[in-house]
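[1] need a 3D model of the sequence below.
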Amino acid sequence: MRLRIIIAAAAGLFAFADLAAAQTAPAASTRSRSTTAAPATGTPAATTTTRRARSPAQLRNDQIMRACGAEWRAGKTALQAAGKTWRTFLPECRARRVRT
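    Reported below is the predicted structural model:
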């Protein structure tokens, strides 16, 4: 008999805790990722996460990828006519850029 009373009381507490949490928390679909509001000037909101600074090697890789992408876009039709694809062009471009 006592066990039934304890179980019923525990079930009531869990139901009350769920009801209280549902009333205080907004729906998951209405929450945004950023806790700061965007300024009225139309610029994106400032992020609250902190990131580690990129290493010199990562920055150099970014420069190489941008340069190779620009080179590919500039000569895309001629490169494709020569049978090159982005996948075959990129390693060649990277090899040229790393040496310089």
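[2] ok, residue 71 to residue 94 distance?
    Separation of residue 71 from residue 94 (C-beta to C-beta, to the nearest Å): 11 Å. Glycine gets a C-beta too; all of them are placed from N, C-alpha and C.
[3] can you check residue 76 too?
    From residue 76 over to residue 94 the distance is 17 Å, taken as C-beta to C-beta.
[4] buried stuff in the helix or strand containing residue 87?
    Counting by DSSP states H and E, the secondary-structure element that holds residue 87 is helix 86-99. Neighbour-count burial for helix 86-99 flags 89, 90, 93, 97 (criterion: 16 or more other C-beta atoms under 10 Å).
[5] can these go into JSON lines with extra columns for distance to residue 67 and pLDDT?
    Formatted as JSON lines, those follow (distance: C-beta to C-beta, whole Å; pLDDT from 0 to 100):
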{"residue": "89", "distance to residue 67": "12", "pLDDT": "97"}
{"residue": "90", "distance to residue 67": "11", "pLDDT": "96"}
{"residue": "93", "distance to residue 67": "8", "pLDDT": "95"}
{"residue": "97", "distance to residue 67": "6", "pLDDT": "90"}
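[6] if we can go back for a sec, helices and strands around the helix holding residue 87, which ones?
    helix 56-74 (3 or more C-beta pairs under 8 Å, 6 or more residues apart in numbering; DSSP states H and E).
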